[in-house]
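> Give me the fold of what follows.
(2 chains)
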Amino acid sequence: MSDDSIDQKAELMSHRTRRERGHVWFHYVIRSLIVLGSLAVVVSGQDNYFPLSNYPMYSRVFEPYPTARFFSLMARFEDGEYRPLRAWPYLRPFWLASYREALLVAPKGEVVHAKLEATLHWYNQQVDAKTGVKMRELRLFKHEIPWNRLVEHVSSRQELGPLYLEFSTLLTETSSETSP
Amino acid sequence: MIQGAAKNLAVTRIVFYALVLFVMAADSYFLNWTRVPDAFWHPRGLFRLLDGPVDDAVIAFWFYVWRWTLPLCVLGVFFRIVAPLNLIAAFVVLTNAHSWGYQGHVFMPVLLACIPIAFSRASDVLSFDAWWKRRRGQGDSLLAQDEKVYRIPLRTMQLALCLAYFAAGVAKLRYGGIEWITGDTLRNYLMRASLIFYDVNRLANEFQLNLFLYQYPVLCRFLAVFAVGVELAIPLALLSRRLAYVLVPSVFLLQVGIFFTIYVNFSAYTALFVPWVVPWVVPWAKRLVGTKWERRRH
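Numbering: from 1, shown residues only, chains lettered A, B, ... in the order given. Now for the predicted structure:
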């Protein structure tokens, strides 16, 4: 093997080593950013910097006595039926709990009302596309229900409807006849 | 050693991206966010810099880029270009999905875990890229000389899982305090699951394990101690392999328990266990195959 080819090989090796060292450092930087970012949101208690989060779900003490607060949505349809809103299949990708969260994330009256109106139109558009019964009215209720009554109902698998009805307050409503 | 480290990262690449594909990108959940009315716009992360919702066609474009680059990442096809492109697409699609008022926490650590692997040399072996290089006679330069090139990205992926659970543990102590463990908080959350998640997770709703556990307050408190304990201890898995053998399966059990009792579907998290499990399973599988091969020869 000539001296030239040995030199060339040595140069190639040193180039590879330098490149690998840079690669390793780059990954240390990525790791530092992920760790520092994650710790920053944990320390600051922020949950608004996707994809970083302090994972606050289920972290509050949940001692609901004497009452538990829930929100529910009731809809009146063109066939005259009045029943709880279901997110599937027409309000996909929401399911009911995620829809409620999105509805109440900024709990200002006019914002929530605008979202209800938009939901009514959206639902009816989807129904048009897939054939079904259109929605005429949508109502948002707040329920403050004694926890022991709730537990009793859920444990014995009784219908929750009458209980929700008994402890309900209408917050806002929208109708396909009044909304633009 | 280097060969082993490279294989661990490559197997992680294959299983991780395959899980992301099947659990997250196979159906149209992320595409469906383009249908939500603008009234729900509530931007998060980098989308807060935008004036309003991103055009539906743009999101749809990135969704399909994300979906179709995932199989390429599994196969290791032009990985060094395709994987960063996949990461950008995932960022756009997932940030959009979290910008409509609902903030789920299921996909966040998976996206974080995508960052180190997207910029790693995970296609140096067991990939189309490696096969192509060998075919062109560049097989000598396939592997890195420094083992860290393969080990550091894998470790950072492991870290993504630890950070998520650790943050959840800290949040419980911070917002709930010791009362979260000693009181009936977990028990009440178990009951609440039947009230607010009755239209999701049919399998969990079928069993209603939460209602069974609700009858035993002491057991619920024990489970609360277990949950917070495991969440706070999980970073120790990075320091000791023996502790990892205990803590990582415990976290997995915790997740399965959450699915059946709180009804929250964390199936995307399975991808986060891949960088932990692969370095345990690959050498064991290799030994097993090697022994069988030896036996056959004799």
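> What residue in chain B comes nearest to chain A?
In chain B, no residue comes nearer to chain A than B:Gly101, which is 2.9 Å away by C-beta to the nearest C-beta. For glycine as for every other residue, the C-beta is placed from the backbone atoms N, C-alpha and C.
> what about the residue nearest to that residue when sequence neighbours are not counted, helix or strand, and which?
Counting by C-beta to C-beta, 6 or more residues apart in numbering or on different chains, A:Ala102 is the residue found nearest to B:Gly101 once chain neighbours are left out, at 2.9 Å. Using DSSP states H and E, A:Ala102 sits in helix A:96-104.
> other SSEs contacting that helix?
When contacts are defined as 3 or more C-beta pairs under 8 Å, 6 or more residues apart in numbering or on different chains; DSSP states H and E, helix A:96-104 packs onto strand A:67-77, helix A:109-130, helix B:185-196.
> Pick the most deeply packed of those.
helix B:185-196 (a mean of 22; mean count of other C-beta atoms under 10 Å in any protein chain shown).
> so where is the chain shaky, pLDDT-wise?
This is for chain A. A:1-3, A:129-130, A:177-180 (pLDDT under 70).
> Actually, chain B is the one I wanted.
Short version for chain B, where the test is pLDDT under 70: B:139-140, B:297-298.
> how far does the helix ranked longest in it sit from the chain's center?
Taking DSSP state H as the criterion, chain B has its longest helix at helix B:270-297. The chain centroid and the centroid of helix B:270-297 are separated by 21 Å, computed with C-alpha atoms, centre = their mean, to the nearest Å.
> So it, near chain A or not?
No: counting by C-beta under 8 Å from any C-beta of the partner chain, chain A is not contacted by helix B:270-297; separation bottoms out at 12.7 Å.
> For that helix, name the packing helices and strands.
With contacts defined as 3+ C-beta pairs under 8 Å, 6+ apart, the secondary structure elements packing on helix B:270-297 are helix B:2-19, helix B:108-118, helix B:148-171, helix B:241-261.
> what comes up buried for the first one?
Right, the one you point to is helix B:2-19. Neighbour-count burial for helix B:2-19 flags B:5-19 (criterion: 16 or more other C-beta atoms under 10 Å in any protein chain shown).
> residues contacting the residue of chain A found nearest chain B?
In chain A, the residue that lies nearest chain B is A:Ala102 (2.9 Å; C-beta to the nearest C-beta). By C-beta atoms under 8 Å, 6 or more residues apart in numbering or on different chains, A:Ala102 lies in contact with A:94, A:115, B:40, B:42, B:100-102.
> Mind checking which of the residues you listed are in helices?
Reading helices off the contacts of A:Ala102 with DSSP H, I get A:Lys115.
> quick one on the thing from earlier: what angle separates the helix holding A:Ala102 from helix B:185-196?
Taking axes from the mean of the first three to the mean of the last three C-alpha atoms, to 10 degrees, one finds that helix A:96-104 is oriented at 90 degrees with respect to helix B:185-196.
> Please convert the buried members of the contacts of A:Ala102 into PyMOL selection syntax.
Selection of buried members from the contacts of A:Ala102 for PyMOL, criterion 16+ other C-beta under 10 Å:
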select buried, (chain A and resi 94+115) or (chain B and resi 40+42+100+101+102)
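> Let's have the helices and strands packed on helix B:270-297 in a markdown table, adding distance to chain A.
Compiled in a markdown table, the helices and strands packed on helix B:270-297 are given as follows (distance: least, C-beta to the nearest C-beta, whole Å):
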| stretch | distance to chain A |
| --- | --- |
| helix B:2-19 | 11 |
| helix B:108-118 | 4 |
| helix B:148-171 | 4 |
| helix B:241-261 | 9 |
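> Nearest approach to A:Arg149 belongs to which of these?
Minimum separation from A:Arg149 across the helices and strands packed on helix B:270-297 (C-beta to C-beta) falls at helix B:241-261, 22.2 Å.
> how big is the angle separating that closest one from helix B:270-297?
120 degrees.
> Check which helices and strands helix B:241-261 is in contact with.
Helix B:241-261 packs on helix B:148-171, helix B:202-207, helix B:209-214, helix B:217-233, helix B:270-297, going by 3+ C-beta pairs under 8 Å, 6+ apart.
> With mean neighbour count added, can I get those in TSV?
Formatted as TSV, the helices and strands packed on helix B:241-261 follow (neighbours: other C-beta atoms under 10 Å in any protein chain shown):
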stretch	mean neighbour count
helix B:148-171	23
helix B:202-207	13
helix B:209-214	19
helix B:217-233	17
helix B:270-297	15
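> Throw the ones you listed into JSON lines and include distance to A:Asn148, thanks.
Converted to JSON lines, those look like this (distance: least, C-beta to C-beta, whole Å):
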{"stretch": "helix B:148-171", "distance to A:Asn148": "29"}
{"stretch": "helix B:202-207", "distance to A:Asn148": "23"}
{"stretch": "helix B:209-214", "distance to A:Asn148": "13"}
{"stretch": "helix B:217-233", "distance to A:Asn148": "14"}
{"stretch": "helix B:270-297", "distance to A:Asn148": "38"}
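> and B:Ile178, which of those is closest to it?
helix B:217-233 (9.5 Å).
> picking that back up, from the contacts of A:Ala102, pick the one nearest B:Val110.
Comparing the contacts of A:Ala102 against B:Val110 with C-beta to C-beta places B:Tyr102 closest, at 17.0 Å.
> Now do the longest helix belonging to chain A against helix B:148-171, angle only.
For chain A, the helix that runs over the most residues, judged by DSSP H, is helix A:3-44. Interaxial angle of helix A:3-44 relative to helix B:148-171 (the same axes, to 10 degrees): 0 degrees.
> sorry, back to before: roughly how far apart are the residue nearest to B:Gly101 and B:Trp62?
Using C-beta to C-beta, to the nearest Å, A:Ala102 is found at 21 Å from B:Trp62.
> ok, and the closest non-adjacent residue to residue 37?
Because you didn't say which chain, this covers chain A. Per C-beta to C-beta, 6+ apart, closest to A:Gly37 is A:Leu52, 4.9 Å.
> Correction: the question concerned chain B.
Per C-beta to C-beta, 6+ apart, closest to B:Pro37 is A:Ala118, 3.7 Å.
> Run through who's touching stretch B:283-298.
B:Gly4.
> Tell me how far that stretch lies from the chain's centre.
Remark: stretch B:283-298 is offset 31 Å from the chain centroid, using C-alpha atoms, centre = their mean.
> Flag every buried residue along stretch B:102-117.
B:102-105, B:107-117.
> coming back round to it: dump the contacts of A:Ala102 into JSON lines; add distance to A:Glu63 as well.
Formatted as JSON lines, these follow (distance: C-beta to C-beta, whole Å):
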{"residue": "A:Phe94", "distance to A:Glu63": "29"}
{"residue": "A:Lys115", "distance to A:Glu63": "30"}
{"residue": "B:Phe40", "distance to A:Glu63": "32"}
{"residue": "B:His42", "distance to A:Glu63": "29"}
{"residue": "B:Trp100", "distance to A:Glu63": "31"}
{"residue": "B:Gly101", "distance to A:Glu63": "27"}
{"residue": "B:Tyr102", "distance to A:Glu63": "26"}
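> Between which two of the contacts of A:Ala102 is the distance greatest?
Farthest pair in the contacts of A:Ala102 (C-beta to C-beta) is A:Phe94 and B:His42. Separation: 13.1 Å.
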